[in-house]
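[1] no sequence on this one, just coordinates:
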């Protein structure tokens with residue numbers, strides 16, 4: 001018997017204000033469908049974590065931070081080549097996925113993408129950063 005586990009997907013205010021707003025402006029008519037696809041993927045993150053679309057970066061006990069790839073609906077390009085990324089916090093106990101950041105790699109002002117998003121998490125999601133002292 002196969003039991004499907006679905007996660008609740010939450011979007012942090014910081015991600016809404018600073019990142020999603022720019023995607024909405026840039027991709028007007030297709031953004032809603034794109035975000036629906038993102039929510040679908042994240043609600044089944046256990047399945048997608050077995051693919052190249054989800055990369056678990058920092059793990060601790062029953063939670064982790066992952067970097068996910070996505071592409072814009074109706075644009076024929078691979079998720080990796082699209083350079084669109086999502087940083088999420090996953091709590092396997094509460095079955096929640098929190099979108100911390102959602103960005104295009106071209107939005108990263110630093111030369112090191114990982115250093116950039118880790119600093120964004122430290123500065124804007126203190127409660128999550130505190131769970132991962134090595135961040």
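    Right, received. Where do you want to start? Please read these numbers as outputs of a predicted model, since none were measured by experiment.
[2] going by C-alpha atoms from here, please, whenever you check contacts or count neighbours.
    Noted.
[3] just say helix, strand or coil for residue 25.
    Under DSSP: H, G, I helix; E, B strand; the rest coil, residue 25 falls in the helix class.
[4] downstream of the host helix or strand of residue 35, the next helix or strand is which one?
    Taking DSSP states H and E as the definition, residue 35 sits inside helix 28-43. Going down the chain from helix 28-43, the next helix or strand is helix 45-48, by DSSP H and E.
[5] what pairs with the residue most central in space within the chain across the strands?
    Closest residue to the average C-alpha location of the chain: residue 86 at 2.7 Å, with C-alpha atoms, centre = their mean. For residue 86, the beta-bridge partners under DSSP bridges are residue 68, residue 102.
[6] so who does it touch?
    Contacts for residue 86 (C-alpha atoms under 8 Å, 6 or more residues apart in numbering) come out as 67, 68, 69, 70, 99, 100, 101, 102, 103.
[7] shaky segments in the protein?
    1-3, 78-82, 135 (pLDDT under 70).
[8] what segments of this protein are strands?
    8-11, 54-60, 63-70, 84-91, 96-104 (DSSP state E).
[9] who wins for proximity to residue 33 among those?
    Checking these against residue 33 by C-alpha to C-alpha gives strand 63-70 as the closest, at 12.3 Å.
[10] which outside residues touch the closest one?
    Outside strand 63-70, the residues touching it (C-alpha under 8 Å, 6+ apart) are 38, 53-59, 79-80, 82-93.
[11] next: stretch 11-29.
    With C-alpha under 8 Å, 6+ apart, stretch 11-29 has contacts from 31, 32, 98, 99, 100, 101, 102, 103, 124.
[12] gap between that stretch and the chain center?
    Mean-position distance between stretch 11-29 and its chain equals 13 Å (C-alpha atoms, centre = their mean, to the nearest Å).
[13] first-to-last residue distance for stretch 44-61?
    20 Å (C-alpha to C-alpha, to the nearest Å).
[14] buried residues, it. List them.
    For stretch 44-61, burial by neighbour count (16 or more other C-alpha atoms under 10 Å) applies to 44, 45, 46, 49, 53, 54, 55, 56.
[15] all set now, cheers.
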